[in-house]
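Peer 1: Based on what follows, work out the 3D shape:
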Amino acid sequence: MDVIERDPAGTNPAAAKNTRPLNENESRYMQGSKEPVTSSVLISNSKYLNNPYYRDTFTQMALRRHGHDLPETYLIPNMIRAITEVKDIPDFIRLIGEEKAKNPDFSQWLDARRSVTYTLDMVKDYSDGTLGAAIRAFLSKGDMSMEFMMQGEATSDLDYIIKQRVIGHDVEHLVTGFGPNQLGEEALAICNVTATARYFSPALAQHLSDYPVFVSVCSYKRVSLHYPAAMPDYLDAMRRGITAGQALKKPLFMVEWSDYLDWQLDDIAAVLGFERGPDAGWDWSTAACTG
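Peer 2: Residues are numbered from 1 along each chain as shown. Alright, predicted model coming up:
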């Protein structure tokens, strides 16, 4: 295969030759002799590709730069709507029921419904280095809240799972040492995808991983396109997230964090079986992957 030469000015004939589109024979080798069925509208056998909101949101999140004009999370509401529009909720609920029937640990966790809303008053007395102190520091930053959506009492197993994942997300950042920053978000997302895939059936894991997979894949592509200097560290963050996810005996959203408020963060990670990330040591990555 020819090596692609860099030629920003467009003056090198060899570079122009090597960066051309594939010719007809080369394309046919990849595509075969058949052509897709034509239609007056865009349609495929993928419900995700067929959904215009999903296509648009996925494309924007994967190809955009992170500008200073809008928050990094600006497209998250779009992503939630896009995923909601294509998700088979009855299938999701059915799979949760099947998992409960065969997995006593999961069933017990769901039936306990130990939902906790963290407040500054609840964690005001915990000593430095503990999870309680880390939550206190987090909540002390302006108007931060861990229960920013899915408020109120859960009315079903599915509601409870979603609620616990929302409330637990920031705690997971604190315990794992993954973020919140560009590298940390990726490490935590891929950690959760890995742990979920190991613990649940493939079909249920797919439902549970819709959001972190969406974020992870789009972030990976965006960084590779616009912030290549960060890619070595980004890949290392992915590796660390996968390693942590493989070490977990159950997904992080099933851990009852209120049982660990007086534990040191390093001790929590040790008992759960993974190595913590660098916390603020990755904070540089947010600025490096913006603009």
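
Peer 1: Regarding T130, what are the backbone dihedral angles?
Peer 2: The phi/psi pair for T130 (degrees, to the nearest 10) reads phi -90, psi 170.

Peer 1: what's the closest non-adjacent residue to it?
Peer 2: Sequence neighbours aside, D262 is the residue nearest to T130 in space, at 5.6 Å (criterion: C-beta to C-beta, 6 or more residues apart in numbering). The way it works is simple: take the backbone N, C-alpha and C, and place the C-beta from them, glycine included.

Peer 1: now the helices: where do they sit in the stretch 151-291 of the chain?
Peer 2: 157-176, 182-199, 202-208, 210-226, 231-247, 265-272, 284-288 (DSSP state H, counting those that start in this stretch).

Peer 1: Give the buried residues for the shortest one.
Peer 2: By neighbour count, with 16 or more other C-beta atoms under 10 Å as the criterion, the buried positions of helix 284-288 are S285, T286, A288.

Peer 1: isn't the first one right up against P180?
Peer 2: Yep, that's S285 we're talking about. No. Look at S285 against P180 with C-beta atoms under 8 Å: they stay out of range, at 10.8 Å.

Peer 1: give the contact list for the most centrally placed residue in the chain.
Peer 2: Closest to where the C-alpha atoms of the chain average out (C-alpha atoms, centre = their mean) is P212, at 2.5 Å. Contact partners of P212, counting by C-beta atoms under 8 Å, 6 or more residues apart in numbering, are L188, A189, I190, N192, V193.

Peer 1: at 10 Å what do you get?
Peer 2: With contacts defined as C-beta atoms under 10 Å, 6 or more residues apart in numbering, P212 is in contact with 165, 169, 185-186, 188-194, 196, 241.

Peer 1: Poorly predicted segments of the chain, please.
Peer 2: 1-18, 142-151 (pLDDT under 70).

Peer 1: Domains in it, by residue range?
Peer 2: Recorded structural domains for the chain (assignment: automatic domain parsing) are 1-35, 87-288.

Peer 1: Around the closest residue to L261 other than its chain neighbours, how many other residues sit close by?
Peer 2: The shortest distance from L261 to any non-neighbouring residue, by C-beta to C-beta, 6+ apart, is to G132 (3.9 Å). Look at G132: counted by other C-beta atoms under 10 Å, it has 21 neighbours.

Peer 1: now do L265
Peer 2: 19.

Peer 1: surely it meets H173?
Peer 2: No. Counting by C-beta atoms under 10 Å, L265 sits too far from H173 to count as a contact (11.1 Å).

Peer 1: Next, show the common contact partners of these two.
Peer 2: Joint contacts of L265 and H173 (C-beta under 10 Å, 6+ apart) are A134, D279.

Peer 1: what's the burial count for T119?
Peer 2: T119, neighbours per other C-beta under 10 Å, totals 14.
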